[in-house]
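**Student:** Coordinates for the following, if possible.
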Amino acid sequence: MAIVRLDNVKKDYPLGKTTVRALRGIDLTIDRGEFTVIAGPSGSGKTTLLNLVGCVDTATGGKVFVDEQDTGSLSEAKLTLLRRHTLGFVFQTFNLVPVLDVIQNVEFPLLLLKNVSKSERKKRVEALVERVGLAQHSKQRPGELSGGQRQRVAIARALVTQPKIVLADEPTANLDSETGQNILDLMREMNRANETTFIFSTHDPQVMGHADRIIKLIDGKIADDGRGAMAS
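**Tutor:** Numbering: from 1, shown residues only. Alright, predicted model coming up:
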């Protein structure tokens, strides 16, 4: 069953007196439980596509459906609920809270969910912080961590709510190959155990090697939707 669907999606950005056409009529379906990579050169529209699926940007044309909801027709309050309960994000810029330590940053999205008890929060957070290799740094703030360590905090935070969909923009960009492999193994475990859908934007061959499907974008259009690879 499709958990993400894009119907003739276009996205334009004004740039001075010109218009940048970031996406030029994207038709795409991603089923629940897929482990999918969006690949393509810089400027091909990968991050734009993730931002539209993640409801952090809106399409210029066409429709974006997430978990069977037409995101373009939702109120801001309903979009917030969709982001909070259905989506997990790993941004290139990390977006960590500077005044919070590792544990608090990972726990933060859980505080917004009413149905998770304090003991369950503690259990989930500690397990993920341990899994991403930051147990010894749990009381440090982002400013005291390396780029790779901050990336691992961001990944743990994205996974802690156990979302249906995880969107990850270059998730291994700041990680050494061993840590990157551990993170990918963790994501694969979640994918198989919970049918969590993962959508990556990446140049990393290591990430592509784990993918069930590689969707190739060129100049804002789909050059290959990866379905042939899945069938073979």
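
**Student:** in the protein, which helix or strand is least confident?
**Tutor:** Sorted by mean pLDDT, DSSP states H and E, the helices and strands of the chain end with helix 227-231, the least confident at a mean of 58.

**Student:** secondary structure element for the most centrally placed residue in the chain?
**Tutor:** Nearest to the geometric centre of the chain sits Leu167, at 1.3 Å (Cα atoms, centre = their mean). Counting by DSSP states H and E, the element that carries Leu167 is strand 165-169.

**Student:** That strand - contacts with which helices or strands?
**Tutor:** Here strand 165-169 touches helix 46-53, strand 87-90, helix 147-159, strand 197-201, going by 3 or more Cβ pairs under 8 Å, 6 or more residues apart in numbering; DSSP states H and E. Glycine gets a C-beta too; all of them are placed from N, C-alpha and C.

**Student:** To Gly180, which of these lies closest?
**Tutor:** helix 147-159 (9.2 Å; Cβ to Cβ).

**Student:** Can you give the contact residues for the closest one?
**Tutor:** 88-91, 94-96, 102, 105-106, 108-109, 125, 128-129, 131-134, 137, 142, 145, 166, 168, 171-176, 179, 183, 186-187, 190 (Cβ atoms under 8 Å, 6 or more residues apart in numbering).

**Student:** Quick check: Leu82 is in a helix.
**Tutor:** Yes. Under DSSP: H, G, I helix; E, B strand; the rest coil, Leu82 falls within a helix.

**Student:** Might one say that it is in contact with Val64?
**Tutor:** No. Look at Leu82 against Val64 with Cβ atoms under 8 Å: they stay out of range, at 11.1 Å.

**Student:** Which one of the two is surrounded by more residues?
**Tutor:** Between Leu82 and Val64, counted using other Cβ atoms under 10 Å, Val64 has the larger neighbour count: 24 against 18.

**Student:** That one - nearest residue in space that isn't next to it in sequence?
**Tutor:** Computed as Cβ to Cβ, 6 or more residues apart in numbering, the closest residue to Val64 that is not its neighbour in sequence is Thr71, at 4.8 Å.

**Student:** Val102 versus that neighbour, what's the distance?
**Tutor:** Going from Thr71 to Val102 by Cβ to Cβ, to the nearest Å gives 32 Å.
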